[in-house]
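# Give me the fold of what follows.
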Amino acid sequence: MESGFESIKTVKTLKAMTERNIYKICSKSEWAAAQAAGVYEGSELDLKDGFIHFSTAAQSRSTAAKYFAWQLDLLLIEIDAAVLGDEIKWEAAREGQLFPHLYSALPLSAVSAVHDLPLDDQGAHVFPMEFGVETP
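Numbers count the residues shown, from 1 in each chain. Alright, predicted model coming up:
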């Protein structure tokens, strides 16, 4: 029988794995290279780790703050997770949260939108309006 904590964890796991869109933060130059190549191979960190790191909408702000603080010329790439299907692997990472990972190149056909990710005067990235307020 599951404890209350395990039930909550299971619900959060199922919710994460049913996200319609997942997101990648990358530099404008990385994205230009991907467009020229027809696929996105990943960032330097992705190539080192052997998979492309993505975030859910709820994880994207904290990802930006932790790994891209004060960086200019960034884009938020919106990916239709359904296009990638089972190629997306949901794996525990930061604070035990499940993050989507892709162990191959990202086909540009899976990209549904590309958003600028400017900085505000406090150095925080300004996310598109549809992101609303981040929830824990």
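# Helices of this structure, residue ranges please.
Counting by DSSP state H, the chain has these helices, from start to end: 4-17, 28-37, 44-49, 57-67, 81-84.
# What are the buried residues along the third one?
Same thing as helix 44-49. Judged by neighbour count using 16 or more other CB atoms under 10 Å, the buried positions of helix 44-49 are residue 46. For the C-beta atoms, the positions are set from N, CA and C on the backbone; glycine is no exception.
# measure stretch 59-79 end to end?
Start-to-end span of stretch 59-79 (CA to CA, to the nearest Å) is 14 Å.
# about what we covered before: lowest-confidence stretch among the helices of the chain?
Among the helices of the chain, helix 4-17 has the lowest mean pLDDT, at a mean of 44.
# Just the residues contacting stretch 93-106, thanks.
Contacts with stretch 93-106, where a contact means CB atoms under 8 Å, 6 or more residues apart in numbering, come from 12-13, 16-17, 19, 22, 24, 34, 39-42, 50-56, 59, 62, 66, 79, 81, 84, 87-92.
# buried residues in that stretch?
Along stretch 93-106, these residues count as buried under the neighbour rule (16+ other CB under 10 Å): 97, 98, 99, 100, 101, 102, 106.
# do stretch 120-134 as well
Of the residues in stretch 120-134, those buried by neighbour count under the rule 16+ other CB under 10 Å are 125, 127.
# Determine how far it lies from the middle of the whole chain.
Here the centre of mass of C-alpha atoms in stretch 120-134, compared against the chain's by CA atoms, centre = their mean, to the nearest Å, lies 15 Å away.
# same question for that stretch, mean pLDDT?
Summarised as a single mean, pLDDT over stretch 120-134 is 81.
# Give me the contacts around that stretch.
Residues outside stretch 120-134 that contact it (CB under 8 Å, 6+ apart): 57-58, 60-62, 64-65, 68-70, 74, 76, 115, 117-119.
# Retrieve the pLDDT associated with residue 19.
Per-residue confidence at residue 19 stands at 76 (pLDDT).
# ok, it to residue 102 distance?
Look at residue 19 and residue 102: by CB to CB, to the nearest Å, they are 14 Å apart.
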